[in-house]
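Trainee: no FASTA, just this:
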Ligand code: HEM
């Protein structure tokens with residue numbers, strides 16, 4: 001049982017009890033991970049519908065963010081602080097999409113709210129998001145992300161700005177060429193086939209199973225790591241660093257998330273630092289090696305410190321996003337078995353060989369389903385920015401130093417850009433309809449502009465490879481009346497871990 005738990009990441013009663021046997025903080029961490037897998041977070045605990053309605057419908061005094069300069073002709077940004085001290089922090093975590101839609105109805109595409117003790121302006125809808133992401137006059141910087149994740153993911157590509165970002169991105173692009181992607185696909189295939197094969201039948205929580213699978217892929221494809229005990233240690237360090245990003249107590253209290261995150265970061269730095277020289281000397285086909293050997297067209301290379309920082313950030317950027325995408329796809333395919341059958345037929349037509357890059361690209365149904373899942377459940381629901389100077393969006397005044405959240409939600413649910421936007425309808429991405437072309441920013445799960453996701457092809461290939469293996473090996477379903485509840489404490493994840501009935505084919 002312990003083995004299965006380690007492999008699938010699916011917490012079992014035996015796993016939780018087994019954790020108690022571990023003395024010290026490692027045992028406590030394991031226990032808390034197991035409990036997390038079994039219990040929804042406080043923000044997702046079911047309450048009577050009336051209580052939720054009252055909570056969501058609460059209104060607070062509306063104020064201006066800042067008075068526009070006299071004679072500018074600009075309008076103020078309107079919004080509210082929300083409940084004292086916590087602001088709207090819990091509202092966003094509990095209601096996610098519903099909360100965003102209500103804010104848009106109340107204030108339109110540009111508004112502000114109190115969150116985490118700060119005032120944050122939300123930009124929603126294709127025009128407002130475009131202004132910040134195209135960022136013509138460099139009025140929006142990545143400083144907004146720093147509040148949340150800099151301590152654990154310092155100098156990751158997404159945290160760099162302007163000239164320096166451009167330079168680093170050009171080098172990093174060399175790790176994502178088609179040839180490199182071909183090599184990554186070849187490495188992830190065996191790990192995924194093996195991992196999917198040992199998923200227990202019954203009702204596993206798919207989200208947790210996928211989380212373990214994508215960690216396994218990361219240790220092999222990102223680091224070329226073969227030792228299981230190293231992989232387990234590095235995975236734990238990495239998970240601790242990611243969780244610390246959303247810690248409420250942002251101070252290293254012993255036993256707390258923040259302290260565990262700092263320890264995790266140090267472990268990762270040590271691991272990458274110690275293995276750098278060997279990676280520079282050899283010619284491996286993992287992502288770590290690719291960064292060590294990447295040279296931009298202008299001859300620039302990464303320093304040792306850059307490689308360590310980029311590797312730690314890349315693991316984070318890839319992990320939850322791909323896990324969430326696969327979970328959303330599994331959910332919609334369980335709710336719409338006709339799409340599951342159609343996708344399975346295509347997968348079976350590929351035969352028993354592990355799929356290469358071209359084979360994965362040929363899985364058109366999975367492609368449509370993935371795009372629709374990314375529309376309905378964008379894994380990154382807000383892209384953080386900070387204004388570098390006084391600026392305006394759609395005629396609203398934003399002073400220098402304003403924190404901004406660029407939100408794809410409204411773009412993805414806008415009735416002006418999508419027919420029947422609440423409906424699961426993958427065909428809307430088909431060649432006859434291409435609703436995603438209705439506006440450059442109608443569909444933006446990977447962001448847009450200079451910081452658009454550099455791993456979007458990698459992520460798409462990994463998710464398709466995982467779903468391909470799942471379709472070949474299993475059928476899965478959820479009860480007809482089951483509706484997944486998504487928890488938005490950090491990125492949107494199924495609050496109950498998505499239990500699905502899984503049967504071997
Ligand atoms: C389905 C999976 C994924 C989704 C939905 C996703 C989403 C995003 C989004 C929205 C951004 C833009 C952030 C911003 O503008 O502030 C981003 C940036 C980034 N992503 Fe992804 N991502 C995914 C997978 C991956 C993977 C697999 C990798 C690496 C292997 C990766 C690496 C990055 C990096 C390095 C950046 C920063 C790019 C820059 O600042 O130039 N992502 N991603």
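Mentor: Yep, it's here. Everything quoted here is computed from the prediction, not taken from an experiment.

Trainee: Helix or strand, whichever it is, which one in this structure has the lowest mean pLDDT?
Mentor: None of the helices or strands of the chain scores lower by mean pLDDT, DSSP states H and E than helix 13-20, at a mean of 26.

Trainee: Which residue, other than its chain neighbours, is closest to residue 435?
Mentor: Once flanking residues are discounted, residue 435 sits nearest to residue 428: 4.4 Å by C-beta to C-beta, 6 or more residues apart in numbering. For the C-beta atoms, the positions are set from N, CA and C on the backbone; glycine is no exception.

Trainee: The one you found and residue 372 touch, don't they?
Mentor: Yes: using C-beta atoms under 8 Å, residue 428 is in contact with residue 372, at 7.0 Å.

Trainee: Tell me how far stretch 472-482 lies from the chain's centre.
Mentor: Computed by C-alpha atoms, centre = their mean, to the nearest Å, the chain-centroid distance of stretch 472-482 equals 24 Å.

Trainee: Now residue 113. Nearest residue, chain neighbours left out?
Mentor: Residue nearest to residue 113 in three dimensions, not counting chain neighbours: residue 88, with 4.6 Å by C-beta to C-beta, 6+ apart.

Trainee: got the contact list for the residue of the chain positioned farthest from its centre?
Mentor: In the chain, the greatest distance from the average C-alpha position (C-alpha atoms, centre = their mean) is reached by residue 71, at 42.3 Å. Neighbour list for residue 71: empty [criterion: C-beta atoms under 8 Å, 6 or more residues apart in numbering].

Trainee: Relative to residue 397, how far out is it?
Mentor: Distance, residue 71 to residue 397, using C-beta to C-beta, to the nearest Å: 12 Å.

Trainee: same question, residue 349
Mentor: In terms of C-beta to C-beta, residue 349 sits 57 Å off from residue 397.

Trainee: Repeat that for residue 354.
Mentor: To residue 397, residue 354 is 55 Å away according to C-beta to C-beta.

Trainee: Pick out the residue of the stretch 151-300 of the chain closest to the ligand.
Mentor: Here the residue of the stretch 151-300 of the chain nearest the ligand is residue 158; by C-beta to the nearest ligand atom that distance is 3.7 Å.

Trainee: centroid residue for this protein?
Mentor: Nearest to the mean C-alpha position of the chain, by C-alpha atoms, centre = their mean, lies residue 321 at 2.8 Å.

Trainee: where's it, which helix or strand?
Mentor: Following DSSP states H and E, one finds residue 321 within helix 304-335.

Trainee: so what does the following helix or strand past that helix touch, helix or strand wise?
Mentor: For helix 304-335, the succeeding helix or strand toward the C-terminus, using DSSP H and E, is helix 337-349. Helices and strands touching helix 337-349, by 3 or more C-beta pairs under 8 Å, 6 or more residues apart in numbering; DSSP states H and E, are helix 304-335, helix 364-376, helix 456-473, strand 474-477.

Trainee: Let me know the average pLDDT across the first one.
Mentor: Helix 304-335 shows a mean pLDDT of 96 in the predicted model.

Trainee: Quick one: distance of that helix to the chain centre.
Mentor: Relative to its chain's centre, helix 304-335 lies at 6 Å (C-alpha atoms, centre = their mean).

Trainee: one step back: okay, now the residue nearest to residue 113: neighbour count?
Mentor: By the measure other C-beta atoms under 10 Å, the count of residues near residue 88 is 23.

Trainee: for residue 305, same thing?
Mentor: As a burial measure, residue 305 scores 12 neighbours (other C-beta under 10 Å).

Trainee: what's the pLDDT at the spatially closest residue to it that is not a sequence neighbour?
Mentor: Leaving aside its chain neighbours, residue 305 sits nearest to residue 155 (7.9 Å; criterion: C-beta to C-beta, 6+ apart). Listed pLDDT for residue 155 reads 97.

Trainee: any weak-confidence spans in the stretch 201-350 of the chain?
Mentor: Along the stretch 201-350 of the chain, the model assigns pLDDT under 70 to residues 246, 248.

Trainee: at 50 what do you get?
Mentor: Across the stretch 201-350 of the chain, nothing is flagged by pLDDT under 50.

Trainee: which bits of the stretch 251-400 of the chain sit near the ligand?
Mentor: 314, 317-318, 321-322, 325, 379-380, 383 (C-beta under 6 Å from any ligand atom).

Trainee: what residues are up against the residue of the chain found nearest the ligand?
Mentor: Using C-beta to the nearest ligand atom, the single residue of the chain nearest to the ligand is residue 455, 2.1 Å away. Residues in contact with residue 455 (C-beta under 8 Å, 6+ apart) are 176, 314, 317-318.
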